[in-house]
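[1] This is a predicted model, with the sequence first.
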Amino acid sequence: MEKIDESAKISNEKNNFAIQTFGITKKFGNLTAVDGVDLSIKKGELFALLGPNGAGKTTTIKMLCCLLRPTAGSATVMGHDVQKETLAVKKVIGMSPQETAIAGRLNAWENLALMGGIYGLGKEETRERSDELLKLMGLTKRAKDQVRKFSGGMQRRLSIAMALISDPQVLFLDEPTLGLDPQARKSMWEQIEDLKGKKTILLTTHYLEEADALADRIGIIDGGKIIALGTSQELKDSVYDMQVMEVKAKNLTSDVVEGLKKMYSEVRSIENGVEIMNKELSFDNVVDYLRSEGVSIYSASLKQPTLDDVFLKLTGKELRE
Ligand SMILES: Nc1ncnc2c1ncn2[C@@H]1O[C@H](COP(=O)(O)OP(=O)(O)O)[C@@H](O)[C@H]1O
Ligand SMILES: [Mg+2]
C-alpha cells in the first residue's frame, strides 16, 4: 500500500513542477562549478537564481537547456530528463543567453524568422508570432532596422522575443539586465513582469533589487551551492533578529573599521561610511566608540535588513559588482 502511495506522490510532484534538479553537479577539471543543487520550481513560477559572478548560474542554466552534460545528479524540465530526453526538453524551453546571440546585420524581423526556422515553424506562424512578440517587447517600430544599431536594452529584448518564438512553457533568462543602464533595466523589468504567470521563468541575476522586485522565490547560489531559498520576505525574515546600523562619517580609517569588526559579527564598508549588523546592537555604543576614535559622524540610523544583509550574513561577502 505504502509503495503505491509513494509513486502517486512522485508523479503528482512531477506534474506540479516545471523544473526539478536532484543533486545536479558540474565539474570542469578540478573546479566544481555547480555542486549538488536541488531545486523544485513550480509551473508558472518566476524563480530567480541570485549570486555573484562565478557562482554557477550560467552553468546551471546550460545543464537545464541540455547544452552541458551534468557530471553527476539529474534534472527534469516539464517532466523530461535533461540527459535522456533532450529533444523533448528542447521543445518546451526558450533561452535568452547571457551573451546575447543575435545577428547584427539582420533586422529584428529577420532574426525572429531565423529562430522560427530553427524551431520548424511555418512562414505564416513565424510572421504572426513575430508580430506579437515585437509588440510585447516594444520593438514594433524598429522591426526593420538592423539590430546592430539597437541599444543594449533593445538587443536584449529582441533576444527574449527570440527565446519566445516557439511559445515555450519554460523560459530561461540568463542575466537579462546585465550591463543595462538603470532606465533600460526598469523597462526590462516591466517586460518580464508582463510574462510573469504566463510562463515558468528561471532568471539569473546578480542584482539583488532585481530578484527582490521580480521573483516569486529566490535561490541564493554561491560557490555552486544553494545557500538559501525562499521568498524575498522569508529570506529577509531569516535575518530579522539582526539589527542593521548604517553610519556615514568622515575620517573613518581602516583601523576604526577593524575595531568595529572585533565587536560585531558583520561589518562592511559602504560609500562614506560603514554598515554594521549584529544580533544585539547598541546605537549609543557604536556612536560612542566612533567618537572616541575621533570619527565625525554625519548620520547614523538603524534600518530593516535587506536582501543584501541576508547575503552578507550567509556568505560573509557582499553581492556587488
Ligand atoms: N567551460 C568552462 N570551463 C571551465 N570552467 C568554466 C567553464 N564555464 C564556467 N566555468 C567556471 O565555472 C564557474 C561557474 O561559472 P558560471 O556558471 O558561468 O557562473 P555565473 O554564471 O554564476 O557567473 C566559474 O568559476 C567559471 O569560471
Ligand atoms: Mg553567468
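    Everything's here; your move. Ligands and ions are numbered 1, 2, ... in the order given.

[2] Which helix or strand contains the closest residue to residue 71 other than its chain neighbours?
    Residue nearest to residue 71 in three dimensions, not counting chain neighbours: residue 27, with 4.5 Å by CB to CB, 6 or more residues apart in numbering. C-betas here are computed from N, CA, C, even on glycine. The secondary structure element spanning residue 27 is strand 17-28 (assigned by DSSP states H and E).

[3] CA atoms only for the helix or strand following that strand - export them in CSV, please.
    In the C-terminal direction, the helix or strand that comes right after strand 17-28 (DSSP H and E) is strand 31-42. The C-alpha trace of strand 31-42 is given here as CSV (Å, rounded to 0.1, in the frame of the first residue of the first chain):
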residue,chain,number,x,y,z
LEU,A,31,36.7,23.1,-10.3
THR,A,32,33.1,22.2,-9.1
ALA,A,33,31.1,24.9,-10.8
VAL,A,34,27.7,23.5,-9.7
ASP,A,35,27.7,21.4,-6.5
GLY,A,36,24.8,19.2,-5.8
VAL,A,37,22.0,21.6,-6.5
ASP,A,38,18.4,20.5,-5.5
LEU,A,39,15.7,22.8,-6.9
SER,A,40,12.0,22.4,-7.4
ILE,A,41,10.4,25.2,-9.5
LYS,A,42,6.6,25.2,-9.8
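
[4] Tell me the neighbouring strands of the following helix or strand past strand 31-42, and mark each as parallel or antiparallel.
    Counting by DSSP H and E, the next helix or strand C-terminal to strand 31-42 is strand 46-50. Sheet pairing here is set by DSSP bridges, and for strand 46-50 it gives strand 200-205 (parallel), strand 217-222 (parallel).

[5] Can you give me the buried ones in the strand holding residue 27?
    Of all the residues in strand 17-28, those buried under the rule 16 or more other CB atoms under 10 Å are 17-21, 24-26.

[6] Save those as TSV, and put in distance to ligand 2 too.
    Formatted as TSV, those follow (distance: CB to the ion, whole Å):
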residue	distance to ligand 2
17	23
18	21
19	17
20	21
21	17
24	16
25	17
26	13
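
[7] Check residue 240 and give its pLDDT.
    The model reports residue 240 with a pLDDT of 72.

[8] That one: what secondary structure?
    Assigned state for residue 240: coil (three-state reduction, DSSP: H, G, I helix; E, B strand; the rest coil).

[9] hang on, the earlier thing: most neighbours per residue, which of the strands paired with strand 46-50?
    Sort the strands paired with strand 46-50 by mean neighbour count, taking mean count of other CB atoms under 10 Å, and strand 200-205 sits at the top with a mean of 26.

[10] Can you give me the distance of residue 50 to residue 215?
    8 Å (CB to CB, to the nearest Å).

[11] of the two, who's got more company?
    Ranked by neighbour count (other CB atoms under 10 Å), residue 50 and residue 215 place residue 50 first, with 29 against 23.

[12] any idea how far the residue nearest to the more buried one when sequence neighbours are not counted is from residue 165?
    In this structure, residue 50 finds its nearest non-sequential neighbour in residue 211, 4.4 Å apart by CB to CB, 6+ apart. Look at residue 211 and residue 165: by CB to CB, they are 26 Å apart.

[13] same question, residue 105
    According to CB to CB, residue 105 stands 19 Å off from residue 165.

[14] now the strand holding residue 27 and strand 200-205, what's the angle there?
    Note on geometry: by axes from the mean of the first three to the mean of the last three CA atoms, to 10 degrees, strand 17-28 and strand 200-205 are set 40 degrees apart in direction.

[15] what helices or strands is strand 17-28 leaning on?
    strand 31-42, helix 57-64, strand 72-77, strand 200-205 (3 or more CB pairs under 8 Å, 6 or more residues apart in numbering; DSSP states H and E).

[16] wait, which of those is closest to residue 260?
    Residue 260 lies closest, by CB to CB, to one member of the helices and strands packed on strand 17-28: strand 200-205, at 30.4 Å.
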